[in-house]
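S.K.: sequence first, then the predicted structure, then my questions.
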Amino acid sequence: WTEDSVYFDASPSGTPPSASDRPDGPIVEKGGAAQQLRKVYEQGASARNVKVLESGALASLTTDSDFSPFTLDEVKWIRGENNVSTGAGAELFNGSYLSSGVTTPLGSTGARHSIHGDVLHSRPVALNYGGGNVVVYYGANDGFFRAVDGNKTGSTAGHELWSFIAPEHYGLITRLRNGTPTVHLPETNSSGGTITAPSGTQTKGYGMDGPIGVYARYNSGGTSVSKAIIYPTMRRGGQGVHAFDVTTSTSPSLLWRISGGSGDYAKLAQTWSMPKAVVTSNSGVVAPILLMGGGYDPAEDTNSSGGIGNVVYVINGFTGARIAALATDYSVPSDVTVVDVNGDGEPDRAYVADVRGNLYRIDFPTTGSLLDSASWSAVSAVKIATLGGKVFFAPDVVVTRDFVAVLSGTGDRDPETGRDGWAIVDCG
């Protein structure tokens, strides 16, 4: 998707310094989907398909009206226009374009340099719709969740099809535009202790930075999608999960939205765990169920516990209704590993670890519908091992004829300590 350009004429970068997006090399702002955004909306972003929530449904964020809590100028900036020229929020430079072969600076409606934020922990999902149609879904830390034409070639290859901004990230976007408060990235001293942030600063903000669950059903020939739902999460960007029906990739709809901290999801913490879609033909199940850890308890940053995230949720993938909440000792930021132990082609067991290294086994109900809460009433997350270190990733599972081997790694992420590998033999 990277092409020649003159966008960086006012601030050449790379080795050697260049005004072009190609080669993009180590300059993260150059090339790829970010260049295509700047290219398509080079002279103005009024046609960009940005979605927000309004009365519980998706609505378009247009450039001809304000949208609470944003002013009209802020809306235009959000959509990509470079209309902040002074103060801490001003762009580093104005981009350039070719006009009749002459390199010309873009004006205040031109595409801003920061039109695409950093993609840090979000794991892009490439969904094959059949017929050569691939769409890539991912989140970034400018507050946008994006759907991009994932084809290598074609007139719209690499183009953003639509994007979405969750209400949780309105404040993040305001700070990005204003350029204040100044962001302070966490630092540690030589002893591993955290350095106190300077007065008046704040930590880095995050958007839709978590993993994305997918439910995709294909027609009988496997050549096209008959139903597709994605479930993006936020990681440090918040305690939310959204479900988008993307059966028609260019026309998404919101099925449901979960916000942690109240009601059935009172224990839902920062959503680090991927909502894993589980489909089975047993027990009258007609919809996917989602299994996901209760998320990361931020108190764990200081090895404390705030009493949230210590649960594994079972969720109706179509409605967002909670089917079951299986208690764990500590928060569960990792994904859940689902397996078929008896080899009948149906998932019947799951393994997961909490952040303090307690490993659990979950046996699925053997009677009734998996969509029925009553079927899960006797199910619990049973602790089968204590690994003695922090766990942030799903275990690998190997099913043999005589036993199930569960492999897991432990270790803190920051600072990187206590890294060990474990193999647990489950003979039950």
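M.R.: Thanks, I have it.

S.K.: what's across from residue 58 in the sheet?
M.R.: Under the criterion DSSP bridges, residue 58 forms beta bridges with residue 53.

S.K.: can you give me the end-to-end span of stretch 137-146?
M.R.: With Cα to Cα, to the nearest Å as the measure, stretch 137-146 spans 6 Å from end to end.

S.K.: and that stretch, how far out from the chain's middle?
M.R.: Per Cα atoms, centre = their mean, to the nearest Å, the displacement of stretch 137-146 from the mean C-alpha position of its chain is 7 Å.

S.K.: and for residue 28, the neighbour number?
M.R.: For residue 28, the tally of surrounding residues (other Cβ atoms under 10 Å) stands at 12. Bear in mind the C-beta positions are built from the backbone N, C-alpha and C, glycine included.

S.K.: need the pLDDT of it.
M.R.: Reading off the confidence values, residue 28 has pLDDT 89.

S.K.: show me what contacts it?
M.R.: Under the criterion of Cβ atoms under 8 Å, 6 or more residues apart in numbering, the contact partners of residue 28 comprise residue 118.

S.K.: tell me the spacing between it and residue 213.
M.R.: 27 Å (Cβ to Cβ, to the nearest Å).

S.K.: equivalent analysis for residue 181, please.
M.R.: Here the distance between residue 181 and residue 213 works out to 34 Å (Cβ to Cβ).

S.K.: please say which of these two ends up with more neighbours.
M.R.: Relative neighbour count places residue 213 above the other of residue 181 and residue 213, with 25 against 13, counting by other Cβ under 10 Å.

S.K.: quick check: bridge partners of the more buried one?
M.R.: Per DSSP bridges, the residues bridged to residue 213 are residue 231.

S.K.: contacting residues around it?
M.R.: With contacts taken as Cβ under 8 Å, 6+ apart, residue 213 has the following neighbours: 230, 231, 232, 233, 274, 275, 276, 277, 290, 292.

S.K.: any figure for the gap between it and residue 313?
M.R.: 12 Å.

S.K.: which neighbours do the two share?
M.R.: Common contacts of residue 213 and residue 313, defined by Cβ under 8 Å, 6+ apart, comprise 290, 292.

S.K.: wait, doesn't residue 277 sit right on residue 290?
M.R.: Yes: with contacts counted by Cβ atoms under 8 Å, residue 277 reaches residue 290, the gap being 5.9 Å.

S.K.: quick one on the thing from earlier: closest to residue 256 among the contacts of residue 213?
M.R.: The closest of those to residue 256 turns out to be residue 231 (Cβ to Cβ; 9.7 Å).

S.K.: now do stretch 87-105, average pLDDT.
M.R.: The pLDDT scores in stretch 87-105 average 95.

S.K.: tell me which residues in that stretch are buried?
M.R.: Applying a neighbour-count criterion of 16 or more other Cβ atoms under 10 Å, one finds 89, 91, 93, 94, 95, 96, 97 buried in stretch 87-105.

S.K.: and those residues as JSON lines, adding distance to residue 368 and secondary structure?
M.R.: Formatted as JSON lines, the buried residues of stretch 87-105 follow (distance: Cβ to Cβ, whole Å; DSSP: H, G, I helix; E, B strand; the rest coil):
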{"residue": "89", "distance to residue 368": "56", "secondary structure": "coil"}
{"residue": "91", "distance to residue 368": "58", "secondary structure": "coil"}
{"residue": "93", "distance to residue 368": "62", "secondary structure": "coil"}
{"residue": "94", "distance to residue 368": "63", "secondary structure": "coil"}
{"residue": "95", "distance to residue 368": "59", "secondary structure": "coil"}
{"residue": "96", "distance to residue 368": "64", "secondary structure": "strand"}
{"residue": "97", "distance to residue 368": "62", "secondary structure": "strand"}
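
S.K.: what is the nearest of the residues you listed to residue 411?
M.R.: Distance ranking of those against residue 411, using Cβ to Cβ, places residue 89 first at 38.6 Å.

S.K.: distance check, the closest one against residue 73.
M.R.: Spatial separation of residue 89 from residue 73 under the definition Cβ to Cβ is 11 Å.

S.K.: what do you get for residue 158?
M.R.: Counting by Cβ to Cβ, the gap between residue 158 and residue 73 amounts to 28 Å.

S.K.: who has more neighbours, those two?
M.R.: Neighbours per residue (other Cβ under 10 Å) separate residue 158 from residue 73, with residue 158 holding more: 24 against 14.

S.K.: isn't the more buried one right up against residue 1?
M.R.: Yes: using Cβ under 8 Å, residue 158 is in contact with residue 1, at 3.2 Å.

S.K.: give the intersection of the neighbour lists for those two.
M.R.: 32, 33, 35, 36.

S.K.: include pLDDT, neighbour count and secondary structure when you put the residues you listed into JSON lines, please.
M.R.: Conversion of these to JSON lines gives the following (pLDDT from 0 to 100; neighbours: other Cβ atoms under 10 Å; DSSP: H, G, I helix; E, B strand; the rest coil):
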{"residue": "32", "pLDDT": "96", "neighbour count": "17", "secondary structure": "helix"}
{"residue": "33", "pLDDT": "97", "neighbour count": "23", "secondary structure": "helix"}
{"residue": "35", "pLDDT": "97", "neighbour count": "24", "secondary structure": "helix"}
{"residue": "36", "pLDDT": "97", "neighbour count": "22", "secondary structure": "helix"}
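
S.K.: kind regards, and thank you for your time.
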